[in-house]
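# everything below, folded, please.
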Amino acid sequence: MVKRAAGPLHLFHDGQRRRLPLPADLSRRQIRQMTQASIGVVEHIRRWTAQGDTSLSGLNRDAPGGFPGPFVEWQHYPAGKQNLPASGFRFYYHAHDQAERIAGEHGHFHLFAPLPDRKIRDQIADFAHIIGISIDYHGLPMRLFTTNRWVTNEAMQPADMLAVSLKHLDFTGAEPADLAQWLRFLVRSFQPHITALLAARDDKLVQLARRRQRSAVLEDRRIAILSQCRIDLSLHIDALQRLK
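I've put the predicted structure just below:
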């Protein structure tokens, strides 16, 4: 569960307005897989648009008028255990107070991976945070970001371990099913960016831990975001097309 910060959040703005370029060493296979995933992302958006919906519309269908209807800040969507598939991968959507959101952000998804080590699960938590995905008021992705440990009370794992987990991302059984599939496509499409942000997260933690204990850094309520970048789906697809 995401916790509120004690006092103003300290955001690292160095990458907030910067878009990460595609790696120069992408293989043909990677480019093809990312392109196919991007097509999946766009097809879902087109389908939702034709129905008068967005990526967020199915999150609270039971509410009068559907989502966002009576949207409650800090509440997790979907409610209950709909977002806990058998694979252990999970996600939820929520929004902070308006003052804590970046310009244009409606809210964001938090995506989590299961932990393979039972000892870690028993002692801390049974999940690790992979990535946050900010969504604008049109239901489109606009930012990727990583968080400090305290934010989701995760059992934080190294970037290289999470990079492996990304390859096995599986939301089968999660609801809404179309949203779960869209998120999977989105992660595949931006996988190099997510991997880079996780590595940058670990580097930032090393830098911050030079002045004090790492454990103190991980619980510092003034530090919430450790790495982030803007994303634009149209520009991303154009960049992939130029590499083909």
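
# C-alpha from now on. contacts and neighbour counts both.
Will do.

# residue 204 and residue 128, how far apart?
Distance, residue 204 to residue 128, by Cα to Cα, to the nearest Å: 18 Å.

# again with residue 57
Applying Cα to Cα to residue 57 and residue 128 gives a distance of 27 Å.

# in the sheet, who's paired with residue 133?
Beta bridges link residue 133 to residue 109, residue 144 when assigned by DSSP bridges.

# looking only at neighbour counts, state which of residue 57 and residue 128 leads.
Neighbour count, other Cα atoms under 10 Å: between residue 57 and residue 128, residue 128 has more, with 23 against 17.

# count of residues packed around residue 101?
Counted with other Cα under 10 Å, residues neighbouring residue 101 total 14.

# look up phi and psi at it.
Reported as degrees, to the nearest 10, the phi and psi values for residue 101 are phi -90, psi 150.

# offset the numbering so it begins at 33, please.
With 33 as the first residue, the last one maps to residue 133.

# so what's it up against?
Residue 133 is in contact with 127, 139, counting by Cα atoms under 8 Å, 6 or more residues apart in numbering.

# next one: it from residue 126, what distance?
Distance, residue 133 to residue 126, by Cα to Cα: 11 Å.

# please apply the same query to residue 252.
Distance from residue 252 to residue 126, counting by Cα to Cα: 22 Å.

# three-state assignment of the closest residue to residue 87 other than its chain neighbours?
The shortest distance from residue 87 to any non-neighbouring residue, by Cα to Cα, 6 or more residues apart in numbering, is to residue 171 (5.2 Å). Classification of residue 171 using DSSP: H, G, I helix; E, B strand; the rest coil returns coil.

# now the lengthiest helix in the chain: buried residues?
If each helix of the chain is counted by residues according to DSSP state H, the longest one is helix 60-82. Residues of helix 60-82 classed as buried by neighbour count (16 or more other Cα atoms under 10 Å): 63-64, 66-67, 69-74, 76-77, 80.

# got the phi and psi for residue 252?
Dihedral angles (degrees, to the nearest 10) for residue 252: phi -70, psi 110.

# OK, contacts around it?
residue 182.

# from residue 246, how far off is it?
The value you get for residue 252 to residue 246, if Cα to Cα is used, is 10 Å.

# cool, residue 170 as well?
Distance of residue 170 to residue 246, given as Cα to Cα: 38 Å.

# burial of residue 230, as a residue count?
There are 26 residues near residue 230, going by other Cα under 10 Å.

# now do it against residue 272, distance only.
Look at residue 230 and residue 272: by Cα to Cα, they are 22 Å apart.

# go on, residue 74?
As judged by Cα to Cα, residue 74 and residue 272 stand 14 Å apart.

# isn't there a strand covering residue 260?
Yes - looking at residue 260 with three-state DSSP, it is inside a strand.

# tell me the spatial nearest neighbour of it, not counting adjacent residues.
Counting by Cα to Cα, 6+ apart, residue 260 lies nearest to residue 177, which is 4.0 Å off, once chain neighbours are set aside.

# so which residue of the chain lies furthest out from the middle?
Relative to the centre of the chain, the most outlying C-alpha is that of residue 243, 28.8 Å out, by Cα atoms, centre = their mean.

# shaky segments in the chain?
Applying pLDDT under 70 to the chain picks out residues 33-50, 93-102, 112-116, 149-155.

# could you pull out the helices for it?
If DSSP H is used as the criterion, the helices of the chain fall at 60-82, 150-155, 181-184, 191-198, 209-221, 223-240, 246-250, 265-275.

# mind checking which of these is nearest residue 103?
Smallest distance to residue 103 across the helices of the chain (Cα to Cα): 17.7 Å, for helix 209-221.

# now for that closest one, which elements pack on it?
If you count contacts as 3 or more Cα pairs under 8 Å, 6 or more residues apart in numbering; DSSP states H and E, helix 209-221 packs onto helix 60-82.

# no more questions from me, cheers.
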